[in-house]
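J.: my questions are about this predicted structure, shown below with the sequence.
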Amino acid sequence: MSFLVSGATGTVGSEIVRQLVDAGHRVRALTRDPERATAQGSVPAGAEAVRGDLTDPESLVPHLEGAVGLHLITFGGDGYGPLETGPRLVELAEAAGVRRVTVLSDFYEGGVQEALRASSLAWTFLNPVEFMANVRDHAEEIRTEGVFRVSDDRPSALVHEADIAAVAVTALTEDGYGGQSYLISGPEALTPAEQAEQLSAATGQEVALVRLTLGETAQRLRAQGHDEEYVAFAMELAANPPEVGGQVQDTVERVTGRPARTFARWAAEHAEEFTR
C-alpha cells in the first residue's frame, strides 16, 4: 500500500514515515524542499521525498495517485496559522481514491476536520497532549547550565512522539478507526520537577528546576527566534492550559495493543542531547 505523509520532516511526521517504511509500505514524504530534506536526512531512509505544499493543494495531485492513506497537519505556510485549504485537499483525496486520512490536530477543530467530517473518507483525528520532544527546547540550558527553566508547575501527561505516530499508523493501515477523534497522552502525569529528576537520572548529572514568570518565558521565546504569533499562542497555552493536558489516557495501548512509552525512556533515548 502507498501512503502520502505531510509534515514529513516534523517531529511526528518523520516518525509516521519511519514506522510505515519499517512495516514495508511505500511512503511519499511531502516536503517543500525534497532535495534539502534528503541531504539533511530529515526524511527517513526508504521513503520517497516529494515536493508539495498544503497551501497549494494541486501540488499534491501527482503524489495522491495510488495512495490509500493520507496524513495531514492543520497549519500551513511558514507560520502557525490554520490551514485554509482543507476543503480542496479533502476533495482531491476523495477524487484520487484515498481511503483513510489521519490528522495531527489540537483540541480545536478547523477547516480540515470540518471538510473531512462532511466527506466519504475514513478520518481519524489525533489530539496529543504535550510532546515529550518539547523538552528538547531546553537542551542547551540543561547541557551547559544544568538547569530546566519552566513557567508552570502543573503535571503534564507528556506523550512520546513515536506513540502518536503509532496511533496514526494503525489508523492509516487498518480498518475500524474511521470517524474517531483520539486524545493521546503518555502513561503518567509528571510535574516539571519530576521531569528534571528523570533527566538527571538519564544524564547522570543534576538538572535543577528554575521557575520563570510568563513575561520571562515570552522574552525567552522571542530570543529563540519565534514570531509574535507563536509567542502569543504559547503564552495563552501557558496561562490557560487545557485540563486534559494532565490527564492520562489509555489511547495508545487501546489502539496499538502496547503500553505508551514513558518519559524516562524518552530521556534515556535523548540523553546525549542534554549531557555536558
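T.: Looks like it arrived, so ask away.
J.: please count neighbours and contacts with C-alpha atoms only from this point.
T.: Will do.
J.: how about the helices in the stretch 151-276 of the chain?
T.: Secondary structure of the stretch 151-276 of the chain by DSSP state H, counting those that start in this stretch: the helices cover 161-173, 192-203, 214-223, 228-239, 251-256, 263-269, 271-274.
J.: flag the shaky bits of the protein, pLDDT-wise.
T.: 77-80 (pLDDT under 70).
J.: contacting residues for the nearest residue to residue 196 once chain neighbours are set aside?
T.: Counting by Cα to Cα, 6 or more residues apart in numbering, residue 196 lies nearest to residue 207, which is 5.6 Å off, once chain neighbours are set aside. Residues in contact with residue 207 (Cα atoms under 8 Å, 6 or more residues apart in numbering) are 142, 146-148, 196-197, 199-200.
J.: what's the closest non-adjacent residue to residue 147?
T.: Per Cα to Cα, 6+ apart, closest to residue 147 is residue 208, 4.6 Å.
J.: dump the residue contacts of the one you found.
T.: So residue 208 contacts 146-148, 196 (Cα under 8 Å, 6+ apart).
J.: could I get these as JSON lines with distance to residue 93 and neighbour count?
T.: Shown next, in JSON lines, are the contacts of residue 208 (distance: Cα to Cα, whole Å; neighbours: other Cα atoms under 10 Å):
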{"residue": "146", "distance to residue 93": "48", "neighbour count": "20"}
{"residue": "147", "distance to residue 93": "47", "neighbour count": "18"}
{"residue": "148", "distance to residue 93": "44", "neighbour count": "22"}
{"residue": "196", "distance to residue 93": "44", "neighbour count": "22"}
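J.: closest to residue 159 out of these?
T.: Among those, residue 196 lies closest to residue 159 (Cα to Cα), at 16.0 Å.
J.: the chain: strands as residue ranges?
T.: 2-5, 26-31, 48-51, 67-73, 100-104, 122-128, 147-150, 180-184, 208-211 (DSSP state E).
J.: pull out the buried positions in the last one.
T.: It stands for strand 208-211. Neighbour counts over strand 208-211 (16 or more other Cα atoms under 10 Å) mark 208-209 as buried.
J.: give me the number of residues near residue 253?
T.: 15 (other Cα atoms under 10 Å).
J.: what's near enough to touch the nearest residue in space to it that is not next to it in sequence?
T.: Leaving out its chain neighbours, the residue that sits closest to residue 253 by Cα to Cα, 6+ apart is residue 259, at 4.7 Å. By Cα under 8 Å, 6+ apart, the contact set of residue 259 is 187, 252-253.
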